[in-house]
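Peer 1: Build me a structure from this.
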Amino acid sequence: MSGNIKASRAVGTANSSNPLPIIIPCHRVISSNGSIGGYAYGLRMKKKLLELEGHSLNETLVLNQNN
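Peer 2: Next up is the predicted model:
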């Protein structure tokens, strides 16, 4: 987690231009409030990838604390 807004934006920019999203796992980046945030390939895909890795999400797409 970054407390630096510029660093957070840099991570977001790098992730959005990631040409290999499965190999370089940018889908693991979540928002500071615990929600899954955005994903260049859509939230449906991000949710599916997180679930395939064994993470559970509640109905508001927030990672459960036990993950």
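Peer 1: CA only for contacts and neighbour counts going forward, please
Peer 2: Fine.
Peer 1: Which residues are in contact with the residue nearest the centre of the chain?
Peer 2: Closest to where the C-alpha atoms of the chain average out (CA atoms, centre = their mean) is Val29, at 3.3 Å. Val29 makes contact with Ile36, Gly37, according to CA atoms under 8 Å, 6 or more residues apart in numbering.
Peer 1: do the same with Lys46
Peer 2: Residues counted as contacts of Lys46 (CA under 8 Å, 6+ apart) are His27, Ile36, Tyr39.
Peer 1: can you do 10 Å?
Peer 2: Pro21, Cys26, His27, Arg28, Val29, Ile36, Gly37, Gly38, Tyr39, Ala40, Leu52 (CA atoms under 10 Å, 6 or more residues apart in numbering).
Peer 1: circling back: ok, the residue nearest to the centre of the chain to Lys46 distance?
Peer 2: Here Val29 is placed at a distance of 10 Å from Lys46 (CA to CA, to the nearest Å).
Peer 1: Kindly report the same for Val11.
Peer 2: From Val11 to Lys46 the distance is 17 Å (CA to CA).
Peer 1: coming back round to it: pLDDT value on the residue nearest to the centre of the chain, please?
Peer 2: Val29 is assigned 76 on the pLDDT scale.
Peer 1: and if you look at Leu63?
Peer 2: 64.
Peer 1: quick one: low-confidence ranges for the chain?
Peer 2: The chain contains residues with pLDDT under 70 at 1-4, 59-61, 63-67.
Peer 1: Now do the helices in it.
Peer 2: 5-16, 43-52 (DSSP state H).
Peer 1: could those helices go into a markdown table alongside distance to Val62?
Peer 2: A markdown table is the format used below for the helices of the chain (distance: least, CA to CA, whole Å):
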| stretch | distance to Val62 |
| --- | --- |
| helix 5-16 | 18 |
| helix 43-52 | 10 |
